[in-house]
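**Student:** Structure for this input, please:
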Amino acid sequence: MVFPDDYQLAGELDGMFSGRLHWDLGLLKELNDDKNDGLQKFFSNLNNEYDKVRHHTLAFYEVGNGDYFAFDLADNRPDACVVYLSHDDEEGHGYKFADNFIDFLEKWSRVAFAGGKDWKWLPFTSNSKSELLPESPSAKLFRNLLKLPI
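**Tutor:** The predicted model follows:
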């Protein structure tokens, strides 16, 4: 989804211009090799909370700038939660999207797969642990503007 050049949303949604959903199971190894290369080079300090979030994760979606959506495997749950991994200290780093992959798809679909960069989905959260909030005022406004009757 890409908005026309002359279309602009208002308020906290004003930066939205596109959204995209894509992944390929055949790329999981490559995605994680890339993520892990960055881990070893830049995020190796397990005593640093920022670095620590990136460890014990399985990336499944590359945002396109070095950031990832990933499964958090740290607590060995059979149904891993989905988190955001930033490569450059962005606000959304470490945010929890959902309790598991199905929950993530349900919530992200209800915000029209708003896009991978954190500034595109942050309006649909309230804090790093809130998860995506598809019934928040911002999400309802976004769906209304897109004429998505959910």
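**Student:** can you tell me the helix or strand for residue 103?
**Tutor:** helix 101-109 (DSSP states H and E).
**Student:** Quick check: buried residues in that helix?
**Tutor:** By 16 or more other CB atoms under 10 Å, the buried positions in helix 101-109 come out as 101, 103, 104, 107, 108. (C-beta placed from N, C-alpha, C; glycine too.)
**Student:** If you count contacts, what does that helix end up packed against?
**Tutor:** Contacting helix 101-109 under the criterion 3 or more CB pairs under 8 Å, 6 or more residues apart in numbering; DSSP states H and E are the following elements: strand 81-85, strand 96-98.
**Student:** I'd like the C-alpha coordinates of that helix written as CSV, please.
**Tutor:** What follows is helix 101-109, C-alpha atoms only, in CSV (Å, rounded to 0.1, in the frame of the first residue of the first chain):
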residue,chain,number,x,y,z
PHE,A,101,2.9,-14.9,15.8
ILE,A,102,-0.8,-15.4,15.3
ASP,A,103,-1.6,-12.6,17.7
PHE,A,104,1.0,-10.4,15.9
LEU,A,105,-0.7,-11.1,12.5
GLU,A,106,-4.1,-10.3,13.9
LYS,A,107,-3.0,-7.1,15.5
TRP,A,108,-0.8,-5.8,12.7
SER,A,109,-3.5,-6.6,10.1
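**Student:** Kindly state the neighbouring-residue count (a burial measure) for the residue lying closest to residue 93 once chain neighbours are set aside.
**Tutor:** Once flanking residues are discounted, residue 93 sits nearest to residue 86: 3.7 Å by CB to CB, 6 or more residues apart in numbering. Number of residues near residue 86 (other CB atoms under 10 Å) recorded here: 21.
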